[in-house]
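Q: sequence first, then the predicted structure:
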Amino acid sequence: MRKTVQLLLAASLCGCAATTPVPDSNGQRVDSIPISLALEEIITAGVRQYLKDPVSAKFGTMLAGERTLNGRHEIVVCGFVDDKRSAGGSSDGKAFIAKVNPDAGNSFELVAMSGETSNAGLAIAGACRSAGLAIEAKTS
């Protein structure tokens with residue numbers, strides 16, 4: 001009787017371990033949208049607020065997507081900006097991820113911007129990729 005119970009227990013545990021749950025992105029992914037001139041102005045003005053020399057800023061690739069999270073519509077933006085006078089004159093560009101909230105008067109929120117380390121840029125590129133906005137991380 002004991003061997004039968006052990007075999008049944010082992011068989012039931014094998015069935016549980018055979019399937020691996022698929023990670024749920026749970027609102028992390030976005031639906032890509034084109035960046036309009038108005039949206040571009042909101043993004044560039046918002047990012048410039050966080051730069052040491054906003055006048056010299058040159059924006060590179062930017063991708064945007066929209067989603068509804070907790071009942072709020074938001075636009076997620078990933079991209080690169082080159083601020084020539086920051087980080088000792090480096091012109092490699094900084095990766096950034098930001099949110100624009102159309103329901104709140106197009107308020108801008110900078111989520112993250114890479115600094116002087118390439119690891120920050122890789123982390124931001126990874127977060128953007130997870131959201132469905134794959135930008136290429138720049139490494140030194």
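A: That came through, no problem.
Q: so Ser130, which of the three states?
A: Three-state assignment for Ser130 (DSSP: H, G, I helix; E, B strand; the rest coil): helix.
Q: burial count for it?
A: The tally of other residues near Ser130 (other Cβ atoms under 10 Å) stands at 12. Any C-beta I mention is one placed from the backbone N, CA and C, and that applies to glycine too.
Q: all helices of this structure, in order?
A: 2-17, 37-48, 118-131 (DSSP state H).
Q: show me where pLDDT drops low in the protein?
A: Within the chain, the ranges that satisfy pLDDT under 70 run 1-27, 85-92, 116-118, 137-140.
Q: ok, now with 50
A: Applying pLDDT under 50 to the chain picks out residues 4-26, 89-90, 140.
Q: not counting its neighbours along the chain, what's nearest the most centrally placed residue in it?
A: Geometric centre of the chain, nearest residue: Cys128, 3.0 Å, by Cα atoms, centre = their mean. Nearest non-adjacent residue to Cys128, counting by Cβ to Cβ, 6 or more residues apart in numbering: Cys78, 3.7 Å away.
Q: go on, Lys99?
A: Per Cβ to Cβ, 6+ apart, closest to Lys99 is Glu109, 4.6 Å.
Q: and Phe108, what does it touch?
A: 42-43, 45-46, 98-100 (Cβ atoms under 8 Å, 6 or more residues apart in numbering).
Q: which pair of these spans the longest distance?
A: Ala45 and Lys99 (14.4 Å; Cβ to Cβ).
Q: from what I can see the residue nearest to Cys128 touches Phe96, true?
A: Yes - counting by Cβ atoms under 8 Å, Cys78 touches Phe96, with 7.2 Å between them.
Q: touching both of the two, which residues are there?
A: Ile124.
Q: my guess is Asp31 contacts Ala64, does it?
A: No - look at Asp31 against Ala64 with Cβ under 8 Å: they stay out of range, at 9.9 Å.
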